[in-house]
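> here you go, sequence then predicted model.
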Amino acid sequence: MLLTVLAVSLTIAWVSGCSQQKKSVLLRLKYEPGQTRVFEIDRKHHWMYLENDTVTREGTYEIDITAEETTRRILEEGTAEVVQTTTRHIYEPNEEDSSLIDTVTTTRSITLYLRPDGRLVDLEFGNIESMDTAYIRQFYEQASTVFPQTPVEQGKTWSHSTHVMLNGENVEAVTTYELKSFARERGYDCAVISYEGELLLPISAKPADTTKRGGLDEIDVSGMMYFAYTEGVSVSVRERWLINSERTMLKDGEWTTARTKIEVDAEQQLVDAVQ
């Protein structure tokens, strides 16, 4: 009887000791030369166009994106050189007959230089207009997930901030993250990470634009990410964007302000990984 009680006591003590130890993981992106990963992204948009606070047009459209990321090489301090090629299929109602759906397909290539913690080091652009590169660079800098330098456990929060110049003032765009739990997703052991933040993307007028259209895109983003910490890749992401896009322009010789409000629901899945 004494041995039985002792054995049960030791078992309870062992279980209690284990339950008090929270699991922690070091979150890092992992790349290998020659590795290719393919992601499928589905985005649904509802937009409203306002002039002087009056809705003049609204509609919906969908975008299906295939993003292929191929790692060329690993540089100093583990920085990965990754070629990202995206093919977008945009589906939207025909302007003359809304029962018909028009499809527009575009392809874009960007080379990303990413540190293992997710921080963007640099970008190189392929078939992109030069005036769009500043916008795209700021988007990647603010939207990239940057992980902490130390292991994180359930309940841990952290943030990533980027400095942005708006009307001559230095402001911060901040995204906050929380490791909510651990779970199996699509066959991977994952850290489940929630996040929310704001992206601030100023728009400069293009020289060829006679309306001198410039302004600001403010994007409130929230989402949930399943990050496979052994493989170092996000295998599933669900996001919601609320975009307030403001443009100031010349119209009939007078300055006017136009706004577009867009609601976006997006899902991203890892569909293939080839070494």
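Yes, it's here.

> from here on, just use CA atoms for contacts and neighbour counts.
Fine.

> contact partners for residue 161?
142, 172-175 (CA atoms under 8 Å, 6 or more residues apart in numbering).

> how far away is it from residue 199?
10 Å (CA to CA, to the nearest Å).

> for these two, list the residues in contact with both.
Common neighbours of residue 161 and residue 199, using CA under 8 Å, 6+ apart, are 142, 173-174.

> so where do the helices sit in the stretch 101-250 of the chain?
Secondary structure of the stretch 101-250 of the chain (DSSP state H, counting those that start in this stretch): helices at 133-143.

> spell out the residue ranges of the strands in the protein.
24-25, 36-51, 54-74, 80-93, 101-114, 120-125, 152-153, 157-166, 169-185, 188-203, 214-228, 233-251, 254-274 (DSSP state E).

> right, and the ones you listed - which one's nearest residue 138?
Set against residue 138 and scored by CA to CA, the strands of the chain come closest in strand 188-203, at 6.7 Å.

> who does the closest one pair up with?
strand 169-185 (antiparallel), strand 214-228 (antiparallel) (DSSP bridges).

> as a markdown table, the ones you listed with mean neighbour count, mean pLDDT and distance to residue 245 would be great.
Conversion of the strands paired with strand 188-203 to a markdown table gives the following (neighbours: other CA atoms under 10 Å; pLDDT from 0 to 100; distance: least, CA to CA, whole Å):
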| stretch | mean neighbour count | mean pLDDT | distance to residue 245 |
| --- | --- | --- | --- |
| strand 169-185 | 16 | 95 | 16 |
| strand 214-228 | 20 | 95 | 4 |
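
> residue 73: which of the ones you listed is closest?
Closest to residue 73 of those is strand 214-228 (CA to CA; 21.5 Å).

> how far off centre is the closest one?
6 Å (CA atoms, centre = their mean, to the nearest Å).

> and the contacts of it?
Contacts of strand 214-228 (CA under 8 Å, 6+ apart): 185, 188-205, 233-249.

> one more time with 7 Å
188-205, 233-249 (CA atoms under 7 Å, 6 or more residues apart in numbering).

> go on, stretch 38-52?
Against stretch 38-52 from outside (CA under 7 Å, 6+ apart): 55-69, 257-273.

> same question for it: list its buried residues.
38-45, 47-50 (16 or more other CA atoms under 10 Å).

> how about TSV for those residues, with pLDDT added?
Formatted as TSV, the buried residues of stretch 38-52 follow (pLDDT from 0 to 100):
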residue	pLDDT
38	98
39	98
40	98
41	98
42	97
43	97
44	97
45	96
47	95
48	94
49	91
50	87
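
> show me the contacts for the residue lying closest to residue 87 once chain neighbours are set aside.
Spatially, and ignoring its direct neighbours in sequence, residue 87 is nearest to residue 107 (4.4 Å; CA to CA, 6 or more residues apart in numbering). Residues near residue 107 by CA under 7 Å, 6+ apart: 86-88.

> swap in residue 239?
222-224, 265-267 are the contacts of residue 239 under CA under 7 Å, 6+ apart.

> and it, bridged to which residues?
Beta-bridge pairing for residue 239 (DSSP bridges): residue 223, residue 266.

> how close does it get to residue 178?
15 Å.
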